[in-house]
Each structure stands twice: as structure tokens, then as C-alpha cells.
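In: Sequence first, predicted coordinates after that:
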Amino acid sequence: MYQCSGQGYADALYRPPIWIPDGPQPAPSPEQVAKQAYNQLRLPSPQIHASPAETQLVNLPTWLWMDPAQWRPRSATASVPGVSVTATAVPNSVTWSMGDGSTVTCPGAGTPFPSGADPRSASPDCGHTYHQTSQGKPGNAYPVAAEVSWTVTWSGAGTGGSFPNLTTTSTATFAVAESQALNNAPN
């Protein structure tokens, strides 16, 4: 079948016919159904959080974390008659590119900065300390990227397996300033 967009022109979207043999077809394998489930996975883009929230300070620890509500397994199921398979993606680490040439890999989502905590304290599991101001960089900020690595497995129809890891990435900019202390105490 040809579709013509004008007199004498063949449409670029032409697809040749597909022939389907008569009779019963073999059921797809669990691996084929697993691939369908894998393609249906919808992973969230990481939501980047940091403390201090507005401007980072040179030599002051920056706490880094992802939205804890997003740091959970995600699943998708595909089924055909006689075969149902579920693919599950589990977040396992996040790699932060801090914009100053440093990278930080954290084994989990990171810990949110607790209200009232000492701002000089370092994060127990995911943080970075800038040693240079971002002044003079484009936008006077460092470009930051957080890439979450997801391990993907599947199970169903009495079998299972794994797929290559997936990643999701988000970006932000961190302005890093230098704080100057003045000593106005009388001698």
C-alpha cells in the first residue's frame, strides 16, 4: 500500500506489508515479555536538594540529597496470555558532578539537612565542600548534575534476569560565595 502526499509522489512514511502466517503462533518467551515491561518503566528525574539552600559558601560543607519520596523501587508489568513479567528498577547510587571538577558518589539518596543543625557539620553520607568561589564562572555559578543509577531486574513465568542499569539525570546551578569575617573588637 502506498500513500501519496501529492500527485506522483510516494509518501516517505511508506511501510511494506507484514505477512502474518495462519494458525496459532508460539507464545512470546518470558524474556520478550520482560523487554516490554522494561520499556514501560517510568523513572523520575531526580529532585536536587542542598544545604545551604540558596548560596553555598567556600570551606563550608554542602549537604546533598535527593527527594526521599522518589528514592524507591519502580515497577512495570507486561502480560500476554499465559505469561506475566514484572521489571523492577531500584535506585542504588547517585553521582554528583559538582561543577568545580569534583565528583561525589553517594550510596543512597543522601540525608536531608536537619533543622537547627550546626551549619559547619558535614553530611553523614553525601556532601561536598567547595574550595573556590563560583565568581567569574558563567552565571557566577557552578553547573551541578546528579545522575542516579538504577539496577533493573525482572521476574515472572518461573524465571528472571537482569537488564543493563538505567540512569536518570537532573541539573542545577550552585552559586558559591566567600564569606569574609571582620574583627571590629577594640584592642
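Out: Nice, I can see it. Every value quoted in this text rests on a predicted model; they were computed, and no experiment measured them.
In: What's opposite the spatially closest residue to residue 139 that is not a sequence neighbour in the beta bridge?
Out: Distance criterion C-beta to C-beta, 6 or more residues apart in numbering; nearest residue to residue 139, sequence neighbours excluded, is residue 173 at 6.1 Å. To be clear about C-beta, it is placed using only N, CA and C from the backbone, and glycine gets the same treatment. Here residue 173 sits in beta bridges with residue 143, as judged by DSSP bridges.
In: Touching, residue 173 and residue 143? I think so.
Out: Yes. Assessed by C-beta atoms under 8 Å, residue 173 is found in contact with residue 143 at 5.8 Å.
In: quick one on the thing from earlier: show the contacting residues for the residue nearest to residue 139.
Out: Applying C-beta atoms under 8 Å, 6 or more residues apart in numbering to residue 173 gives the contacts 99, 139, 141, 142, 143, 144.
In: The most centrally placed residue in the chain is in what secondary structure piece?
Out: The residue lying closest to the centre of the chain (C-alpha atoms, centre = their mean) is residue 168, at 2.3 Å. Following DSSP states H and E, one finds residue 168 within strand 159-177.
In: avg pLDDT for that strand?
Out: Strand 159-177 carries an average pLDDT of 96.
In: Go through that strand and flag the buried ones.
Out: Going by neighbour count (16 or more other C-beta atoms under 10 Å), the buried part of strand 159-177 is 163, 166, 168, 170, 172, 174, 175, 176, 177.
In: burial count for residue 23?
Out: 5 (other C-beta atoms under 10 Å).
In: Surely it is in a strand?
Out: No. Under DSSP: H, G, I helix; E, B strand; the rest coil, residue 23 sits outside any strand and is assigned coil.
In: ok, now how distant is it from residue 141?
Out: Distance of residue 23 to residue 141, computed by C-beta to C-beta, to the nearest Å: 64 Å.
In: Strands of this protein, start to end?
Out: 4-6, 9-10, 48-51, 55-57, 61-66, 74-80, 83-97, 103-106, 127-129, 142-156, 159-177 (DSSP state E).
In: between those strands, which gets nearest to residue 115?
Out: Nearest of the strands of the chain to residue 115, taken as C-beta to C-beta: strand 48-51 at 10.1 Å.
In: Each with direction, which strands does that closest one pair with?
Out: Short version: by DSSP bridges, strand 48-51 pairs with strand 61-66 (antiparallel).
In: ok and the strand it pairs with relative to strand 159-177, angle-wise?
Out: 140 degrees (axes from the mean of the first three to the mean of the last three C-alpha atoms, to 10 degrees).
In: ok, residues contacting strand 61-66?
Out: Contacts of strand 61-66 (C-beta under 8 Å, 6+ apart): 46-52, 56, 94, 96, 104, 106, 109-113, 120-123, 126-130, 146, 148, 174.
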